[in-house]
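Chemist: Sequence below, structure please.
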Amino acid sequence: MYFGLTNILRLNLINTAIIYTRTNSKRLKNKALINIYKDKTLIESVVQNTLKIKSINKIIIATTKSKKDLIFKKVLDKYDIDFFYGSQNDLIDRTIQCSKKYNFNYFLRVCGDRPFFSYNYINRAINNINKINNNYDIISNNKLNKKVDQGLTVEIISSNSLKKLNKKKLSYYDQENLTSYFYKNENKFNLFYLKSPKSWFLNNKYTIDNKNDLLRMKHIISKIGYNKFNINKCIKIYKK
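Modeler: Numbers count the residues shown, from 1 in each chain. Now for the predicted structure:
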């Protein structure tokens, strides 16, 4: 298929976010649908935060073809977002097929188990990157040897780069973790690293993987407010 210059520029523009979620979470069953504040589910919190990123104009829920995951459309149909149903076991393939359907290259990766993230930080980063002629495989604030706190990772990925991966060389872990192979082999790819505040490197956790995480996040939300990310307040709560 031939793309004119306008379409090429549009493909390289970062304006799409993919939220990854499914009901078949191994450590905490159906965690995406658990209420974390009154009648608000975890996945709703993630969607609402993503909608606050002004530079993003398309949000896609990328879940699996399992009949159980049809529940997300029922829960989230009131929001202005799209839905994609793909592979249950191959996250890379699910992403590639999603990019083919919606015709984009770069996208913001959003994990459905992270109720907190700085949409202002992400928005500034995307606006700055969109001003340059980017050809990066991954744009990230995370490094293999210097990781931000869990839940504060920002990753912008080229779906064209995913298509170039040789799946025969990928472990099952790398197929289920979109960016792990890139970090482990960064000399083979074009990675751009974003700077993050020092307060994002304190070994705190802002993801929900188990019941203890759920209780912690519920407590933090009850103190700082629903969908209000304030890292300084979070740190004070952690210290207590």
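Chemist: State the phi and psi torsions of Ile36.
Modeler: phi -110, psi -10 (degrees, to the nearest 10).
Chemist: doesn't Lys218 make contact with it?
Modeler: Yes. If you go by Cβ atoms under 8 Å, Ile36 and Lys218 touch, sitting 5.7 Å apart. Where you see a C-beta, it was placed from the backbone N, CA and C, and this is true even at glycine.
Chemist: who has more neighbours, the two?
Modeler: More crowded of Ile36 and Lys218, by other Cβ atoms under 10 Å: Ile36, with 20 against 16.
Chemist: Please name the residues that touch the closest residue to that one other than its chain neighbours.
Modeler: Nearest non-adjacent residue to Ile36, counting by Cβ to Cβ, 6 or more residues apart in numbering: Leu42, 5.1 Å away. By Cβ atoms under 8 Å, 6 or more residues apart in numbering, Leu42 lies in contact with 31-36, 112-113, 115, 208.
Chemist: could you redo the last one with a cut-off of 6 Å?
Modeler: Residues near Leu42 by Cβ atoms under 6 Å, 6 or more residues apart in numbering: 32, 34, 36.
Chemist: Now render these as JSON lines, adding distance to Lys188 and pLDDT.
Modeler: Listed next are these as JSON lines, based on distance: Cβ to Cβ, whole Å; pLDDT from 0 to 100:
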{"residue": "Ala32", "distance to Lys188": "33", "pLDDT": "95"}
{"residue": "Ile34", "distance to Lys188": "39", "pLDDT": "95"}
{"residue": "Ile36", "distance to Lys188": "39", "pLDDT": "92"}
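Chemist: now, among the residues you listed, which is nearest to Lys78?
Modeler: Among the contacts of Leu42, Ala32 lies closest to Lys78 (Cβ to Cβ), at 16.1 Å.
Chemist: before we move on, which element is the residue lying closest to the closest one once chain neighbours are set aside in?
Modeler: Leaving aside its sequence neighbours, Ala32 sits nearest to Ile43 (Cβ to Cβ, 6+ apart; 4.2 Å). In this structure, Ile43 sits in helix 42-51 according to DSSP states H and E.
Chemist: Report the buried residues of that helix.
Modeler: Buried positions in helix 42-51, judged by neighbour count with 16 or more other Cβ atoms under 10 Å: 42-47, 49-51.
Chemist: by contact count, what packs against the helix or strand following that helix?
Modeler: Following helix 42-51 in sequence order, the next helix or strand is strand 58-64 (DSSP H and E). Using 3 or more Cβ pairs under 6 Å, 6 or more residues apart in numbering; DSSP states H and E as the contact test, the elements touching strand 58-64 are strand 16-20, strand 82-86.
Chemist: pLDDT of strand 58-64, averaged?
Modeler: Taken as a whole, strand 58-64 has a mean pLDDT of 97.
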